[in-house]
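Q: Predicted coordinates and the sequence they were generated for:
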Amino acid sequence: MGQLQRVAETRTGAEDSTTERLEALVRRAQGASEEERGLLAEDINTLLLQLPSAPEPQRGATLVRSYLETQALAGLGTPTMPSNIAATQALLDLGYPDALTLTPEELDALRRWQRQRFAVPWLTLLVTLFGVVLVQVFLLTMGSDNAPGVHASLQALSGEPPAPPTLMELHEELVWNSAYRFLFAQFVAGAGAFFYTVTAGRQRGGRARARRVFLMLAGLGAAMALVQLPANGWLAATTFTAAAGAFICAANLKPT
C-alpha cells in the first residue's frame, strides 16, 4: 500500500512540475525582452508538446485552454512553430474531451500552419532536375568523342598492332563501360526522389527524409565523379551535374 502511494505521489509530482514549469515560463516570457522571449519560447513549446505524454495532464490541459482563450501565447514561439500552434496541437493530441474544446478558428490556424510547414517546393525541384538532364545531355555529347572505342577504331585503321593496355586505359574503359548505367541510375533515383518528395514529403517528417535522400544522391554522385575524373573530365562533369542538382534540391528542402 505504501509503495502504491509513493508511485502515485511521484506521478502527481511530475505532472505538477510540468504544469508549474510551463506556467512559470509563460509568465516570465510575457515580461521578457525580445531576445529572451525567443529562448524561453523553445522550452514553452517543448513542454506544450510533451503535455499529452504526462501521467495525468488534465491540469495542464486546463491551463493551456486558458492560454488560448486569453491570447497569453500571442507573439511567443520559435521560427518553426508559434506557441499557440503548439498549444492547439497539444490539446488535439490529448483527444477526448480536450480536443473538443478547440474552436474552428484554432483548428483552421493549425491546418494553415501545417500546409505551410510541410509544403514542398515541387516546381523548383522539377525545374532543377529538368535543367540537370539538359546540361548532362550537352556534356555527354561534348565528351563522347573521347570514348575509348573511338581511339581504338582509329588505331585499328592505321594498321598498327594493339599495344598492351595501361592501367589508365583499363580504368578509362571501366569508367565508360559503367558510365551510362550509372547515369541512368542517377536519372531514375532523381525521379524517384522527386515523386517521394511531392507525396510522402508532405507528411510530418517527410520533408526531412526527402532532404536526406537528395543529400545521399549528391554524395554518391560527387564520389563517382571523382572516380571518373582521371578517365574523362566531360564524363565526370556529367555525373557531377546530377550531384549538384540533388544538392540544390536538398537545399530547397531545408526546414522553414
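A: All right, it came through fine.
Q: Within the helices and strands, which one has the residue nearest the centre of the chain?
A: In the chain, the residue lying closest to the centroid (C-alpha atoms, centre = their mean) is A208, at 1.9 Å. Using DSSP states H and E, A208 falls within helix 206-228.
Q: Mean confidence (pLDDT) on that helix, please.
A: Average pLDDT, helix 206-228: 92.
Q: So which other helices or strands are in contact with it?
A: helix 167-199, helix 233-251 (3 or more C-beta pairs under 8 Å, 6 or more residues apart in numbering; DSSP states H and E). For every residue, glycine as well, the C-beta is placed using N, CA and C.
Q: again, only using 10 Å
A: Helix 206-228 is packed against helix 122-143, helix 167-199, helix 233-251, with contacts defined by 3 or more C-beta pairs under 10 Å, 6 or more residues apart in numbering; DSSP states H and E.
Q: In CSV, list those helices along with distance to V26, mean pLDDT and mean neighbour count.
A: Shown next, in CSV, are the helices and strands packed on helix 206-228 (distance: least, C-beta to C-beta, whole Å; pLDDT from 0 to 100; neighbours: other C-beta atoms under 10 Å):
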stretch, distance to V26, mean pLDDT, mean neighbour count
helix 122-143, 38, 89, 15
helix 167-199, 37, 87, 16
helix 233-251, 36, 93, 22
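Q: export the ones you listed to JSON lines and tack on distance to G219?
A: Below are the helices and strands packed on helix 206-228 laid out as JSON lines (distance: least, C-beta to C-beta, whole Å):
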{"stretch": "helix 122-143", "distance to G219": "16"}
{"stretch": "helix 167-199", "distance to G219": "12"}
{"stretch": "helix 233-251", "distance to G219": "8"}
